[in-house]
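Asker: Return atomic coordinates for the entry below.
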Amino acid sequence: MIPVNRSIFDYIALVFKGILMGAANKVPGISGGVIAFVGGFYEEFIFSLNRFNLKSLRLFISFRWTSFFKYINGSFLTLLITGMLISYFSVAKVLDYLISNYELYVWSTFLGMIVGSVYYLEKQFGSWNNTARLSAFLGLLAGLSISMIPQMPANDNLYYVFFCGVISVAGMTLPGLSGSFLLIILGNYVLLLVDAVNALYDTFVYILKADYSFTTDVEHIRLLKVLVVFTLGSMTGLVSLSHLLAFVLKKYKSITIAVLIGFVAGSLMVIWPWKNPVYENAYHSELSQGLAQVKTFQNYWPDFGQRENLIALGYIALGIIIVLGIDIYGRRRKKQSSIRADR
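Answerer: Purely as a prediction, here's the structure:
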């Protein structure tokens, strides 16, 4: 399950995969779990998280930290999480810019990546039977149903924020189920993935400037508290869901993958590139002090006689090529590892 030997290139690749996961987790409709699946490290990711158990706790509290680090596959998790953190403060900001200025092309690329992911997952599955078809159909229905849930108003109550943290990591553990999209449904996407993250970034800037005036800023401190609680909820959800998934993958692997294929296919509706914005008034949070406009979308069928829509089709193809390219890379790396192991 856990690779014994890794090259320097493998370590760098893990950081890069973490960056991709972090960027995917930031974008509504895209699942970081899909990146893990396509990148070929999904099962190792779940297995490593599953190592946070009573044995690892005993190792930690007995100060056997080297054994603890090795037991939880610490090098793998550290590099992956490092990449995610880099992404949240760099790549994710680039994505925010691209979505703001080239929204159609960005979503078209994401759509292509999801289509490629469905192909990848189906290829990994093998033979289909009636149970697998039913499982995939139920997964598809679940994915479509989640995408149709109306958006809730924002809420910065700390208990609710903790719940959002638990739910949001579903995108990292369940390929095809976007944690960011779930946060939109729960009404806290802007608060948790924009406002709170920016508050943390500003905190680092203040500290580097030796300016501690933010400690008396009630709104700033409130955002930091929200981020801490959200992080605790995310960690709780990540570990608990990983234990459940590790059990399910071990006992019902084919059924689980069939359901995931349905989930991924169901997410296509969420990231359909051609959509019209719809603005509604809703309470953002206590911090926003009143009403704020919430932006939602309504899908439509495009006119492919227009130049920009034809270009968008090219970006869909690009997204498919990206996923297939990652797949080809993963198979080559696996083949090379097998050859080295046989020598």
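
Asker: what about the nearest residue to residue 303 once chain neighbours are set aside, neighbour count?
Answerer: Nearest residue to residue 303, sequence neighbours excluded (CB to CB, 6 or more residues apart in numbering): residue 309, at 6.3 Å. All C-beta atoms are positioned from the backbone trio N, CA, C, and that covers glycine. Taking other CB atoms under 10 Å as the criterion, the count of residues near residue 309 is 15.

Asker: The one 5 residues further on too?
Answerer: With neighbours defined by other CB under 10 Å, the count for residue 314 comes to 13.

Asker: how much space between it and residue 162?
Answerer: Distance of residue 314 to residue 162, computed by CB to CB, to the nearest Å: 43 Å.

Asker: What helices and strands are in contact with the helix or strand hosting residue 263?
Answerer: In the assignment (DSSP states H and E), residue 263 maps to helix 253-266. Judged by 3 or more CB pairs under 8 Å, 6 or more residues apart in numbering; DSSP states H and E, helix 253-266 is in contact with helix 103-125, helix 130-147, helix 218-251.

Asker: Please identify the most buried of those helices.
Answerer: helix 103-125 (a mean of 21; mean count of other CB atoms under 10 Å).

Asker: for that helix, what is the average pLDDT?
Answerer: Average pLDDT, helix 103-125: 80.

Asker: what helices or strands is that helix leaning on?
Answerer: helix 32-38, helix 91-101, helix 253-266, helix 307-342.

Asker: starting at the chain centroid, how far to the second one?
Answerer: Computed by CA atoms, centre = their mean, to the nearest Å, the separation of helix 91-101 from the middle of its chain amounts to 16 Å.

Asker: Quick one: find the helix or strand in the protein with the lowest mean pLDDT.
Answerer: strand 291-299 (a mean of 60; mean pLDDT, DSSP states H and E).

Asker: Give me the buried positions along whichever helix or strand residue 205 is part of.
Answerer: Using DSSP H and E, residue 205 falls within helix 196-208. Neighbour counts over helix 196-208 (16 or more other CB atoms under 10 Å) mark 196-197, 199-200, 203, 206 as buried.

Asker: The helices and strands packed on helix 253-266 into CSV, with extra columns for distance to residue 46?
Answerer: Below are those laid out as CSV (distance: least, CB to CB, whole Å):
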stretch, distance to residue 46
helix 103-125, 15
helix 130-147, 17
helix 218-251, 5
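
Asker: And those: which comes nearest residue 276?
Answerer: helix 103-125 (11.7 Å; CB to CB).

Asker: is it fair to say residue 15 lies in a strand?
Answerer: No: read with DSSP: H, G, I helix; E, B strand; the rest coil, residue 15 is helix and lies in no strand.

Asker: ok, now how distant is residue 48 from residue 119?
Answerer: With CB to CB as the criterion, residue 48 and residue 119 are 27 Å apart.

Asker: With respect to residue 59, which of the helices and strands packed on helix 253-266 lies nearest?
Answerer: Residue 59 lies closest, by CB to CB, to one member of those: helix 218-251, at 15.5 Å.

Asker: Perfect, that will be all.
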